[in-house]
Each structure stands twice: as structure tokens, then as C-alpha cells.
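In: need a structure here:
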Amino acid sequence: MQNQPIWQLKKFDELSTKEVYEILRLRSEVFVVEQTCVFLDMDNLDFDSHHLQGRVEGNLVAYVRILPPGLAYAEPSIGRVITSPAHRKMGAGIELMQKAVQETLNLFGQVPIMIGAQVYLKKFYEKFRFRTYGDVYMEDGIEHIKMIREV
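Out: Predicted structure coming up:
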């Protein structure tokens, strides 16, 4: 990928107010505006999560939050997976998930990782050893499926 992102993992309290704003703006741009999904993104899970940011020339281009075990699922989980529309098809999403999986394992050890994936992204997550875990369910008007990455 041209202009490789610089990756940084931070706890919520380590984020600057500018970083929080940029993260929430990108999440709104993709999840609310692009996907035309009205939902409350600020769900109080950010406070106890780690936030992985990929930046190119200082601009946020990719992001995930890593949730500890017991917060969303019994297992640690990866959520709010986003690549900026301006940086798609350049490999940032693949690098983002590779980094997210590695950081999750670094934080919590060799344990299974759970995600709640939008169904249309199932094949993408399978590239990172995630497998379907349960039935399709609706969340905020979008089909989702739980997926787990075993050790």
C-alpha cells in the first residue's frame, strides 16, 4: 500500500480530545451516513476499550476498538472496524485487521476472539481465521453474524 499507515494503540484515557473527535467523526461518516443507519454509536464501551488507529500523514484512515473479555462477549472482541472511504482498496483494511488480531492477542494472550460482523463482510473476516458462530441476526437494521477466531 502506498503511504503506509502509522499504527498506534491507546487506552481511551490516553486519547487526545482531537483523536476522540476524529474517531467519532469517522465512525459517524461510515456507520451512520454511508450505511444510512441511525443508531447510538457512543455505547459506553469505548471507555474500557483499546483504540487502534492507522494514520497517513496525520489523517485517520483506519480504526478498530479492542474490547476486553466480559465487556461485549465472554471473549475479547474487535469492533467498530472502519477504513476511511478515501483509503479503501489500498490494503489498509487488511493491515488493520492483521494489526487488530495481533494487538488483541498481545493484550489478552492466546485466546479466542469474537466479533459481530456485518454479513456482507463474512468472507473478509474469514481471511483472518474467523468462523461463523451462530445464526444471522438483525442489529440496527443490518444483518450481522457472530464470528469467532479460535486459538
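
In: What are the buried residues along the lowest-mean-pLDDT helix or strand in the chain?
Out: Ranked by mean pLDDT, DSSP states H and E, the weakest helix or strand in the chain is strand 137-139, scoring a mean of 92. Residues of strand 137-139 include none that count as buried (16 or more other C-beta atoms under 10 Å). For glycine as for every other residue, the C-beta is placed from the backbone atoms N, C-alpha and C.

In: Name the surrounding residues that touch that strand.
Out: Strand 137-139 is contacted from outside by 116, 143, 144, 145, 146, using C-beta atoms under 8 Å, 6 or more residues apart in numbering.

In: repeat that with 10 Å
Out: Applying C-beta atoms under 10 Å, 6 or more residues apart in numbering, the contact partners of strand 137-139 are 37, 39, 116, 118, 119, 143, 144, 145, 146.

In: Who is the closest residue to residue 93 other than its chain neighbours paired with across the strands?
Out: Leaving aside its sequence neighbours, residue 93 sits nearest to residue 83 (C-beta to C-beta, 6 or more residues apart in numbering; 4.3 Å). When bridges are called by DSSP bridges, residue 83 pairs up with residue 62.

In: Determine the number of other residues adjacent to residue 83.
Out: 24 (other C-beta atoms under 10 Å).

In: Phi, psi for residue 80 please.
Out: Residue 80 has phi and psi values of phi 50, psi 50 when expressed as degrees, to the nearest 10.

In: now residue 118
Out: phi -70, psi 130.

In: Run me through the strand neighbours of the helix or strand just after the least confident helix or strand of the chain, direction for each.
Out: The helix or strand immediately downstream of strand 137-139 is strand 142-149, counting by DSSP states H and E. Strand pairing for strand 142-149, using DSSP bridges, gives strand 113-118 (antiparallel), strand 130-132 (antiparallel), strand 137-139 (antiparallel).

In: Tell me the buried residues in the top helix by length along the chain?
Out: As assigned by DSSP state H, the longest helix anywhere in the chain is helix 92-108. Of the residues in helix 92-108, 92, 93, 95, 96, 97, 99, 100, 101, 103, 104, 108 count as buried by neighbour count, 16+ other C-beta under 10 Å.
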